[in-house]
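Novice: sequence unavailable; structure follows:
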């Protein structure tokens with residue numbers, strides 16, 4: 001477990017310029033503090049690992065920018081991951097699952113026309129993803145050459161989520177990846 005406190009200067013900021021374009025600006029100060037934790041446990045045939053992060057960050061402005069929102073855009077205040085792997089040596093396979101969580105994030109007001117006019121901000125909701133992995137042990141079949149099979153499913157439950165967008169021309173956030181299935185067969189030649 002570790003804690004941190006940072007004072008950053010000249011953090012990149014995005015501002016609206018001529019005719020719906022963005023310009024990267026240098027000059028924001030940010031104070032940030034938080035906690036991070038990791039846990040790894042291995043008790044054959046099971047391996048478990050997890051990590052967790054929490055942070056609070058505030059941008060600091062000099063006048064005339066004091067009416068701008070102090071939250072750091074696109075950074076979730078909480079993230080976490082957990083992985084569980086089971087080694088089934090008698091079957092020659094490894095089976096695992098992964099869970100990840102991303103907390104809510106402040107979206108960029110230039111991206112969404114329907115944001116809160118009073119607070120000049122909108123939030124992207126938190127989301128969770130589940131993955132599944134299967135990997136075979138190398139098997140010798142063709143003239144003492146090894147063969148291996150891998151199967152991975154990302155976003156197993158088909159969760160809809162979005163990454164914060166910053167390009168006002170499109171006016172939308174970037175959609176997250178849908179369910180994806182990967183199958184790989186490798187053969188030593």
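Specialist: Ah, there it is. This one's a predicted model, so the numbers in the text were calculated from it and none came from an experiment.

Novice: how much space between residue 73 and residue 57?
Specialist: 10 Å (C-beta to C-beta, to the nearest Å). Where C-beta positions appear, they are placed from N, C-alpha and C, glycine not excepted.

Novice: now swap in residue 71 and tell me
Specialist: Applying C-beta to C-beta to residue 71 and residue 57 gives a distance of 7 Å.

Novice: what of residue 138?
Specialist: Counting by C-beta to C-beta, the separation of residue 138 from residue 57 is 46 Å.

Novice: please say which of those two ends up with more neighbours.
Specialist: residue 57 (18 against 13; other C-beta atoms under 10 Å).

Novice: assign the more buried one to helix, strand or coil.
Specialist: Applying DSSP: H, G, I helix; E, B strand; the rest coil to residue 57 yields a three-state assignment of strand.

Novice: surely it touches residue 76?
Specialist: No: Residue 57 lies out of contact with residue 76 (C-beta atoms under 8 Å); the separation is 10.6 Å.

Novice: so what sits against both of the two?
Specialist: Shared contacts of residue 57 and residue 76 (C-beta atoms under 8 Å, 6 or more residues apart in numbering): none.

Novice: how about stretch 83-95: buried residues?
Specialist: By neighbour count with 16 or more other C-beta atoms under 10 Å, stretch 83-95 contains the buried residues 83, 85, 87, 94.
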